[in-house]
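**Student:** Task: produce atomic coordinates for the following.
(2 chains)
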Number of protein chains: 2
Amino acid sequence: MNETIEVALGERSYPILIGTDLIGDPACYSPYIAGAQVLIVTNETVAPLYLERVRQALAGRRIETVVLPDGEQYKTLDVVGRVFDSLLAQRFARDCTLIALGGGVVGDMAGFAAACYQRGVSFIQVPTTLLAQVDSSVGGKTGVNHPLGKNMIGAFHQPRAVIADTATLDTLPDRELSAGLAEVIKYGLIRDAGFFAWLEAEMAALRAREPTALAAAIARSCRCKAEIVAADEREAGQRALLNLGHTFGHAIETGAGYGRWLHGEAVGAGMCLAADLSRRLGWLTSTDLAHACALIAAAGLPVAPPGDIATERFLELMAVDKKVQSGQLRLVLLKAIGEATITADFDPAALRATLDEGQPR
Amino acid sequence: MNETIEVALGERSYPILIGTDLIGDPACYSPYIAGAQVLIVTNETVAPLYLERVRQALAGRRIETVVLPDGEQYKTLDVVGRVFDSLLAQRFARDCTLIALGGGVVGDMAGFAAACYQRGVSFIQVPTTLLAQVDSSVGGKTGVNHPLGKNMIGAFHQPRAVIADTATLDTLPDRELSAGLAEVIKYGLIRDAGFFAWLEAEMAALRAREPTALAAAIARSCRCKAEIVAADEREAGQRALLNLGHTFGHAIETGAGYGRWLHGEAVGAGMCLAADLSRRLGWLTSTDLAHACALIAAAGLPVAPPGDIATERFLELMAVDKKVQSGQLRLVLLKAIGEATITADFDPAALRATLDEGQPR
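**Tutor:** Okay, the predicted model is just below:
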């Protein structure tokens, strides 16, 4: 059942290994580690579950560990500083390797540390959440949050390999499983109507964690992401479509305070808002809007933002988005289920109406 | 007398403009600024001298300013955080431009902020010290120091243009002029014996700030650096030769405490140590060693490290160098004046003897 998907980026190409019980297998790591020094970056939640198994798979090397606090609110420049402190205290050289063992927050921070340490060292992603396995570990986006905006400080830095062990999802709380499903649904919405239909049929199986369904969803998601990243590594064009629901979502995360909403939850509600705006602009039918929101709800995700972010504040938070160009907010919107577009050409009154309504359905 | 030197890096190519009274000329900036938002990053010393002139040259845009404290001891992740704070407080978008107005410290920090803000925005180097004009503003190395090592956190991020206005050197203290000459001499030592001989003849004119001599030294230095960077942007090979004296120098800077020795002063003494070790290994003649140290002294630079760094401590500080590979220290050493090599193949006893002697001549 193991599968390998290649992210084709010339000399920066790398494989995504998908399967069960990979994290304890030395053969999954060896081809991607050049030097003898390895730093595992993980967090308090994941360390007791998987750290020892990864350490054993890496035996024979000089292994150091940094255990970070768990949560999006710790994804800061200050906390990344601890990784630098450890690398320097241990005198790690340019040929060292960082291993990100955990969810998206760990992957983003360890990846950013790898991007900046000595102007760039190797790293391997070992995602242990569904969200990280289908999205954040693939594609080389790394970075941290700033009190005034999400992911505002970062770098493009591709990993040497992604090791997605589906067995690690057994320990994932239901709420985080749902958060990961938001990004899975996203691929269906932006480029793969067939996948969207498959997800409608399989959502119950996915939430029941049926291994075959999960592995299939992960592989199809990674194939989508790998194709998009290979075509547009630095987000000059179509890669931006991966941000469906994210401009709304980032505003929700920042507005609610980091840590209150999971990223995937905010993206779930954000995709409903994007779909609602798309319908107001006459691009999406009411039926398609209903289908999109129903699947998001079926995944156990919120379909509306928290009630306590006023429209003005919401617009303010959206204005710091990275897709703003020359002062103009650009949004990823839907033309149909399976077809997305990025545009600044929408009626601001329609956006306000979407935000005012709050409950997009 | 104005001259333009191209750094040939494909789609990342850019010009180095060298001449007098460039910083107040709008035409020097316009071709390299796409958006309307410009953040000038400078320091307390340079701002009163040149900030207003640069602001006027950029008129018509939305200009913000961050004034940092002056000195290598402020080249930290924390201080770069102030640049991010300003960018986000002003809601600067991905199409903004940063302008580094100052010496090497300002250039390294503003460049690093540009590399990381929204995963990379444009920046222009406006170096106002000799050291920055001949070395640090060219080639895309950006970053900050860590208490345990110099330039350990950073990124490769090329500027859109370098504007080297030789008139700004009029306000440069003598000590900083000498520090810049260290990097000028470096180019002679590593790859250009003819330039080295020219410097021996012209050193008095350079220290007297004769404009023609200075402009010639800057242009020849930039041409050397541009050629090396074009051939090896990310320091996989020959670019490392630019670090002649720097492994010793960084140890001196860290050992003495940031801010006590200027970078160029430490490099001056470091090049004497590298030359001394090269002689001990039988690669450099005593005459060439004497010539090298004499020129460094003639530039007003120290030829020996501070007396208070014991050899053991010195070796420990050198061990965190970025050129360490698989635990082995590699050094840039001289085969002759005008010819350098990078090697781990030297007798550690000879290195100890060089450090023990302290006074290499």
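
**Student:** What are the phi and psi values at the spatially closest residue to A:W283 that is not a sequence neighbour?
**Tutor:** Spatially, and ignoring its direct neighbours in sequence, A:W283 is nearest to A:K335 (5.2 Å; CB to CB, 6 or more residues apart in numbering or on different chains). C-betas here are computed from N, CA, C, even on glycine. Torsion angles at A:K335 (phi, psi; degrees, to the nearest 10) stand at phi -90, psi -30.

**Student:** Who are the contact partners of A:K335?
**Tutor:** Residues near A:K335 by CB atoms under 8 Å, 6 or more residues apart in numbering or on different chains: A:S278, A:W283, A:L284, A:T341.

**Student:** Any idea how many residues pack against the last one?
**Tutor:** As a burial measure, the neighbour count of A:T341 was computed by other CB atoms under 10 Å in any protein chain shown and equals 16.

**Student:** ok, now which ones touch the closest residue to A:G71 other than its chain neighbours?
**Tutor:** Counting by CB to CB, 6+ apart, A:G259 is the residue found nearest to A:G71 once chain neighbours are left out, at 5.0 Å. By CB under 8 Å, 6+ apart, A:G259 lies in contact with A:G71, A:E72, A:Q73.

**Student:** I'd like to know which of those residues is nearest to A:L273.
**Tutor:** Each of the contacts of A:G259 was checked against A:L273 using CB to CB; the closest is A:E72, at 19.9 Å.

**Student:** Give me the neighbour count for the closest residue to that closest one other than its chain neighbours.
**Tutor:** Once flanking residues are discounted, A:E72 sits nearest to A:Y258: 4.6 Å by CB to CB, 6+ apart. When neighbours are counted by other CB under 10 Å, A:Y258 registers 18.

**Student:** How about A:G237?
**Tutor:** Other residues near A:G237 come to 11 when the count uses other CB under 10 Å.

**Student:** Spatially, what comes nearest to whichever residue of the stretch 101-250 of chain A sits closest to chain B if we skip its sequence neighbours?
**Tutor:** Residue nearest to chain B within the stretch 101-250 of chain A: A:L148 (3.9 Å; CB to the nearest CB). Residue nearest to A:L148 in three dimensions, not counting chain neighbours: B:L88, with 3.9 Å by CB to CB, 6+ apart.

**Student:** List of residues touching the helix or strand that contains the one you found?
**Tutor:** Element membership for B:L88, per DSSP states H and E: helix B:77-89. Residues from elsewhere that reach helix B:77-89 (CB under 8 Å, 6+ apart): A:77, A:81, A:84, A:146, A:148-149, A:152-153, A:320, B:39, B:41, B:64, B:66, B:68-69, B:96, B:98, B:109-110, B:112-113, B:116-117, B:144, B:146, B:153.

**Student:** swap the cut-off to 6 Å and go again
**Tutor:** Residues from elsewhere that reach helix B:77-89 (CB atoms under 6 Å, 6 or more residues apart in numbering or on different chains): A:H146, A:L148, A:G149, A:I153, B:V41, B:V66, B:L68, B:M109, B:F112, B:A113, B:Y117, B:V144.

**Student:** Contact partners for A:G264?
**Tutor:** Applying CB under 6 Å, 6+ apart to A:G264 gives the contacts A:L131, A:A179, A:G180, A:A182.

**Student:** Per-residue pLDDT of the closest residue to it other than its chain neighbours, please?
**Tutor:** Leaving aside its sequence neighbours, A:G264 sits nearest to A:A179 (CB to CB, 6+ apart; 2.6 Å). The model reports A:A179 with a pLDDT of 97.

**Student:** elements contacting the helix or strand containing A:A179?
**Tutor:** Here A:A179 sits within helix A:174-191, counting by DSSP H and E. In terms of contacts (3 or more CB pairs under 6 Å, 6 or more residues apart in numbering or on different chains; DSSP states H and E), helix A:174-191 is packed against helix A:130-131, helix A:193-207, helix A:211-231, helix A:263-280.

**Student:** Take those and lay them out in CSV including mean pLDDT and distance to B:L273.
**Tutor:** Listed next are the helices and strands packed on helix A:174-191 as CSV, based on pLDDT from 0 to 100; distance: least, CB to CB, whole Å:
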stretch, mean pLDDT, distance to B:L273
helix A:130-131, 98, 52
helix A:193-207, 98, 63
helix A:211-231, 96, 46
helix A:263-280, 97, 51
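
**Student:** dump the residue contacts of the most centrally placed residue in chain A.
**Tutor:** Centroid-nearest residue in chain A: A:S136, 3.1 Å away (criterion: CA atoms, centre = their mean). By CB under 6 Å, 6+ apart, the contact set of A:S136 is A:G104, A:G107.

**Student:** at 10 Å what do you get?
**Tutor:** By CB atoms under 10 Å, 6 or more residues apart in numbering or on different chains, the contact list for A:S136 reads A:100, A:103-108, A:111, A:125, A:127, A:129, A:142, A:180, A:183, A:225, A:263.

**Student:** For the stretch 1-150 of chain A, just list every one of the strands.
**Tutor:** Secondary structure of the stretch 1-150 of chain A (DSSP state E, counting those that start in this stretch): strands located at A:3-7, A:14-19, A:37-43, A:62-68, A:97-102, A:122-127, A:141-146, A:149-156.

**Student:** So what angle separates the directions of the longest one and helix A:263-280?
**Tutor:** Just to be clear, that refers to strand A:149-156. 100 degrees (axes from the mean of the first three to the mean of the last three CA atoms, to 10 degrees).

**Student:** And the fourth one, by the same measure?
**Tutor:** With the same axes, to 10 degrees applied, the angle from strand A:62-68 to helix A:263-280 works out at 60 degrees.
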